[in-house]
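S.K.: Fold the following.
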Amino acid sequence: MEPISRRESLLCIPVRNPLVEETRQHNGAVILSYPEPVKPWFTGILGRISKKTETRRIKKLELDVLGTGVWDLMDGKSSVKDIIESFTKVHKLYPKEAEMSVIQFLRELGRRQIIGMAPAKEDYTA
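M.R.: Residues are numbered from 1 along each chain as shown. All right, here's what the predicted structure looks like:
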């Protein structure tokens, strides 16, 4: 599979995994509960020890203020570029600084399978 260009990646739309549960704290912070697949070798060991054959376990991720801000901007319609632009304005950051922070955060959410990336529905200039 050929890697996508920077422009194409900025046009992608982050989509929340429907298996992820969101809990809002009184201070506005968000805690995400998400399923994490258990490694096959661990399932075998767990089965011998406790007779359980779980294939997933639930993990939690507490988002800070900035992470919560990005999470709230992910509406299933906004592109990565749109999210970066909004994040830049709200937090009064330099565009490159905001881009690097948002992209790193989205990568981490993707690595944990909390979000996926959908291709852009329409092509507009980046």
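
S.K.: Wait, residue 21 touches residue 33, no?
M.R.: Yes - in this structure, residue 21 is within contact of residue 33 by C-beta atoms under 8 Å, at 4.4 Å. C-betas here are computed from N, CA, C, even on glycine.

S.K.: Show the backbone phi and psi for residue 25.
M.R.: Main-chain dihedrals, residue 25, degrees, to the nearest 10: phi -90, psi 160.

S.K.: ok now do it, which residues does it touch?
M.R.: By C-beta atoms under 8 Å, 6 or more residues apart in numbering, residue 25 lies in contact with residue 31.

S.K.: repeat for the one 4 residues further on
M.R.: With contact set as C-beta under 8 Å, 6+ apart, residue 29 has these partners: 62-65, 68.

S.K.: Would you check how far apart it and residue 65 are?
M.R.: Residue 29 is 7 Å from residue 65, where distance means C-beta to C-beta, to the nearest Å.

S.K.: Repeat that for residue 117.
M.R.: Applying C-beta to C-beta, the value for residue 117 to residue 65 is 24 Å.

S.K.: Among those two, which residue is more densely surrounded?
M.R.: Neighbours of residue 117 and residue 65, each counted by other C-beta atoms under 10 Å, are more numerous for residue 117; the result is 16 against 11.

S.K.: is it true that that one lies in a strand?
M.R.: Yes - assessed with DSSP: H, G, I helix; E, B strand; the rest coil, residue 117 lies in a strand.

S.K.: No further queries at this time; thank you.
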